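Q: Curious how this folds, go ahead:
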Amino acid sequence: MVKILFIPFNLISHIGRCITLAPRENFQIYFLISKEYINFVSAHGFKFETNELEDLSILNKAKSIGFSWMKKVEIIKNFQYLVSKIQDIKPNIVISDSNIFASLACEYLKIPHISLMNTYMTRFFKDRYTDLTYLKIPVRLFLNLVLRLVSREKGIEIMRKGEDMFLRKFHSTFRQVREKYKLKRKQHLFEEFEGDMTFLLDPIDIFPVEINPEIRVVGPTYYYSEEKKYESIKFSKDKPNILITLGSSGDIRKFLFIEKLNLSKFYNVILLGESSFPLKIDGAQRVKFANISQIAEFIDVVICHGGNGTVYSFLSKGVPSIMIPGHIEQYWFSHQIHKHKLGVLCTEKNKKIIIEIIQNLIEERRRGFLEKKSELFKIERSIENFRRYIYDFILSYKS
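A: Residues are numbered from 1 along each chain as shown. Here you go, the predicted structure:
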């Protein structure tokens, strides 16, 4: 029996979507996870080994466009640790989810490697756009002045080239490690996330890609369970129901302006997840956990951090989101959802009319504006694609 080892990034959103995709028949499945998620994984019947990598430390630094963790000694330490874990588990295939060290380890051990990635975090995405207000870099003022003097199209081209140079520069330490261990040469930070085959977890209609034989588009993927598991929630029939969540990676500081809106006067407000509990909203319900697929039908609008799993889960039920990104990855995602009129990206400019935006989205929700588009985000199609692609991958290695 083929043994598959899943190595997800250490956030519940990434672990959850791996659980959704993991085939339960004809494979022996293992997860490499941190201790805090052992109960979550074991409750779904999967075996596991504990992972001590500091993924959250990396995430916290990435939020401020920080790459101080990319010291050669740190990369080698994480790479060697992952190599030892894979050797202990002895899988036939490794499937990583947004893990920047998996490619190094699998190449070194010559183990077949599939990488699960969001399209906007790869070099294959054709439509990336960045607003300068989301970049905390010293040259921002200079860039602002330059971009005012050129057309929007030229400005986008300048930003893309600048981002590309930025990501190549910070890949230099990985290049040194690759040279030290005689691994394949790579030139770009995004390349470190790629496997022998890279499965993209977004709809191609919203996130167009450059055609490449090493990618497969699985489609929107998120944690999904039919189990009716959530705390008691009071949904209102008289007031619109608004759900606020920061997920596992939102930035509470970006949400504080909501406290001044007096939302409970007009709406039934639900704060989902402990990360949202510090928000001081009178009359709001505080709910630690809820199965989104079970409660979405009662929700009119979501205010969230722009996490793809949260937004996709609600879009699959026709519910729009107002997205308040905490870091650049969430911004790239939210911008694209906003561009295709599937939700609203909250900015410093439209923050001033947020109540009007909420009301417009409620009206759209009740008119069923997103009902037809919700089919694009159904999880069943993505699971079917994933299973087909993984069998094809296995057959290609056997041949």
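
Q: Residue ranges in the stretch 1-150 of the chain under the pLDDT threshold?
A: Judged against pLDDT under 70, the low-scoring parts of the stretch 1-150 of the chain cover residues 54-70, 130-150.

Q: where exactly do the helices run in it?
A: 12-21, 38-42, 55-62, 72-89, 102-109, 140-148 (DSSP state H, counting those that start in this stretch).

Q: can you give me the strands in the protein?
A: 2-8, 27-33, 47-50, 93-97, 113-117, 197-200, 215-217, 241-245, 268-272, 285-287, 301-304, 321-323, 343-345 (DSSP state E).

Q: who does the fourth one touch, helix- and strand-wise?
A: Other elements packing on strand 93-97 under the criterion 3 or more CB pairs under 8 Å, 6 or more residues apart in numbering; DSSP states H and E are strand 2-8, helix 12-21, helix 102-109, strand 113-117, helix 379-398. C-betas here are computed from N, CA, C, even on glycine.

Q: Could you identify which of these is most buried?
A: Highest mean neighbour count of the helices and strands packed on strand 93-97: strand 113-117, a mean of 25 (counted as mean count of other CB atoms under 10 Å).

Q: so which of the strands of the chain comes closest to residue 337?
A: Nearest of the strands of the chain to residue 337, taken as CB to CB: strand 343-345 at 4.6 Å.

Q: one step back: now for the helices and strands packed on strand 93-97, which one comes closest to residue 366?
A: helix 379-398 (24.4 Å).

Q: Mind listing residues that contact that closest one?
A: 2, 20-21, 23, 93, 95, 112, 114, 196-197, 199, 201, 216-222, 224, 316 (CB atoms under 8 Å, 6 or more residues apart in numbering).

Q: That one to strand 27-33, inter-axis angle?
A: 110 degrees (axes from the mean of the first three to the mean of the last three CA atoms, to 10 degrees).

Q: excluding its backbone neighbours, what's nearest the residue most central in space within the chain?
A: Computing the C-alpha centroid of the chain and ranking residues by CA atoms, centre = their mean puts residue 308 first, at 4.9 Å. Using CB to CB, 6 or more residues apart in numbering and skipping the chain neighbours, the partner closest in space to residue 308 is residue 333 (5.3 Å).

Q: And that neighbour, how close does it get to residue 348?
A: Counting by CB to CB, to the nearest Å, the separation of residue 333 from residue 348 is 19 Å.

Q: Not counting residues beside it along the chain, what's closest to residue 288?
A: Leaving out its chain neighbours, residue 288 is closest to residue 274 (CB to CB, 6+ apart), at 5.9 Å.

Q: Quick one: neighbours of the one you found, just the number.
A: Per other CB atoms under 10 Å, the neighbour tally for residue 274 reads 12.

Q: Distance check, it against residue 225.
A: 20 Å.

Q: tell me the contacts of residue 38?
A: By CB under 8 Å, 6+ apart, the neighbours of residue 38 are 48, 50.

Q: just residue 178 next, same as before
A: 104, 184-186 are the contacts of residue 178 under CB under 8 Å, 6+ apart.

Q: let's go with 7 Å and repeat that
A: Residue 178 makes contact with 184-186, according to CB atoms under 7 Å, 6 or more residues apart in numbering.

Q: can you check residue 322 too?
A: 301, 303, 343-344, 346, 357-358.

Q: What values do phi and psi take at residue 52?
A: Torsion angles at residue 52 (phi, psi; degrees, to the nearest 10) stand at phi -100, psi 10.

Q: what's the neighbour count on it?
A: 11.

Q: Excluding sequence neighbours, find me the nearest residue to it.
A: residue 81 is the one closest to residue 52 (CB to CB, 6+ apart), at 6.9 Å.

Q: Quick check: the gap between that neighbour and residue 99.
A: Applying CB to CB, the value for residue 81 to residue 99 is 12 Å.

Q: which of the two has more neighbours?
A: A side-by-side neighbour count of residue 81 and residue 99, using other CB under 10 Å, places residue 99 first with 29 against 15.

Q: Next up, the contacts around the more buried one.
A: With CB under 7 Å, 6+ apart, residue 99 has these contacts: 7, 9.

Q: How many residues are close by residue 335?
A: For residue 335, using other CB under 10 Å, the count is 22.

Q: That one against residue 344, yeah?
A: No. Using CB atoms under 7 Å, residue 335 makes no contact with residue 344, being 11.0 Å away.

Q: Compute the number of surrounding residues for the closest residue in space to residue 257 that isn't next to it in sequence.
A: Counting by CB to CB, 6+ apart, residue 351 is the residue found nearest to residue 257 once chain neighbours are left out, at 6.3 Å. When neighbours are counted by other CB under 10 Å, residue 351 registers 14.
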